[in-house]
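Peer 1: need coordinates for the below:
(one chain, ligands or ions: 1)
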Amino acid sequence: MLNVHELRKSYDGLVAVRALTFAVPPGEVLGLVGPNGAGKTTTLRCLAGILRPSAGRVEVAGIDLAVDPVAAKRRLAFVPDEPHLFDYLTVEEHLRFVARLYHVADAEQKAAPLLEELELTAKRRALPDELSRGMKQKLAIACALLHDPQVLLLDEPLTGLDPVGIRRMKATIAARARAGAAVVLSSHLLHLVEQLCTRLLVVRQGRMVAYGTIDEIVAERPALAGLPIEELFVALTEGEAPPPPPLGAPV
Ligand SMILES: Nc1ncnc2c1ncn2[C@@H]1O[C@H](COP(=O)(O)OP(=O)(O)OP(=O)(O)O)[C@@H](O)[C@H]1O
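Peer 2: Presented below is the predicted three-dimensional model:
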């Protein structure tokens, strides 16, 4: 569903993402984890077509994002860590607007259960200013789900939600994956990542340092067996920095 080949992104001199290759089939929830500055948001923004990669290829449902960006973007949704909403549109107007952008035929029928699922029904006539941080996050997710994206990209989707909100959001994300979406989410909330994600992609300084199920990652590194997820993360992302590439080598 989502295929990423040798993705690389640099900002002026700084290489933020180096040669990431991975695939997310339908039904999978891939957890993108790594320390601050590891390149998670940069990766998600490249996958969403917001940033142009310096090199590499991103395919969404078989469509090359660089070749046919509109068709590829129709099949994906990206929710950034800070929800971007329209100040003068109410909750339900947001959904109507998104429905028109994405040509969602049965928008009215879809909007009501979506608002119910995300506990926004009582706020359907509210403007963003009248919503709490968590409610804004939920509205951004509702807008993202309205067109049934095949690829769902979520940057820190659980941050700012209360415990009930976290439980519901986890259920919403898992249900979308069960319905066939390929999901990529970044989060620092490792125990939630462990519960929700079917596989992990651990990045550090823009490089992949581990990729697979937790069992697969540990099977390749027997010394890490039995460690809690936080310890596993520290072991994978700390210690000696990876050696710099030789001079003149592509990074
Ligand atoms: N627009 C930009 N211009 C220049 N450098 C940038 C830009 N955005 C990110 N970077 C740099 O790219 C690197 C990766 O940043 P990125 O935001 O992708 O990391 P992250 O893993 O999402 O971090 P965090 O966990 O703190 O959100 C960092 O060194 C950052 O300073």
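Peer 1: all contacts plus neighbour counts: C-alpha atoms, from now on.
Peer 2: Fine.
Peer 1: make sure residue 5 is actually in contact with residue 57.
Peer 2: Yes - the pair residue 5 and residue 57 passes the contact test of Cα atoms under 8 Å, sitting 5.1 Å apart.
Peer 1: which one of the two has more residues nearby?
Peer 2: Higher neighbour count among residue 5 and residue 57: residue 57, with 20 against 15, using other Cα atoms under 10 Å.
Peer 1: run me through the strand neighbours of the strand or helix carrying the more buried one, direction for each.
Peer 2: Here residue 57, judged by DSSP states H and E, is contained in strand 55-60. Here strand 55-60 is paired, per DSSP bridges, with strand 2-11 (antiparallel), strand 63-64 (antiparallel).
Peer 1: tell me the buried residues in the helix or strand encompassing residue 217?
Peer 2: Following DSSP H and E, one finds residue 217 within helix 214-219. Within helix 214-219, the residues that qualify as buried are 214, 217, 218, counting by 16 or more other Cα atoms under 10 Å.
Peer 1: pLDDT added to those residues, as TSV?
Peer 2: Putting the buried residues of helix 214-219 into TSV (pLDDT from 0 to 100) gives the following:
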residue	pLDDT
214	91
217	91
218	90
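Peer 1: what subset of those is also close to the ligand?
Peer 2: The subset of the buried residues of helix 214-219 within reach of the ligand, counting by Cα under 6 Å from any ligand atom, is empty.
Peer 1: what separation do you get for the closest residue to the ligand within the stretch 51-200 of the chain and residue 223?
Peer 2: Across the stretch 51-200 of the chain, the shortest distance to the ligand (Cα to the nearest ligand atom) belongs to residue 188, at 7.2 Å. Using Cα to Cα, to the nearest Å, residue 188 is found at 23 Å from residue 223.
Peer 1: next to the ligand, which bits of the chain? Give me the list.
Peer 2: Residues of the chain lying near the ligand (Cα under 6 Å from any ligand atom): 11, 16, 35, 36, 37, 38, 39, 40, 41, 42.
Peer 1: just say helix, strand or coil for the fourth one.
Peer 2: Under the three-state scheme (DSSP: H, G, I helix; E, B strand; the rest coil), residue 36 adopts coil.
Peer 1: how many residues are close by it?
Peer 2: Residue 36, neighbours per other Cα under 10 Å, totals 11.
Peer 1: the second one too?
Peer 2: Using other Cα under 10 Å as the criterion, residue 16 is surrounded by 20 other residues.
Peer 1: quick one: contacts for it?
Peer 2: 8, 9, 10, 37, 38, 39, 42, 205, 206 (Cα atoms under 8 Å, 6 or more residues apart in numbering).
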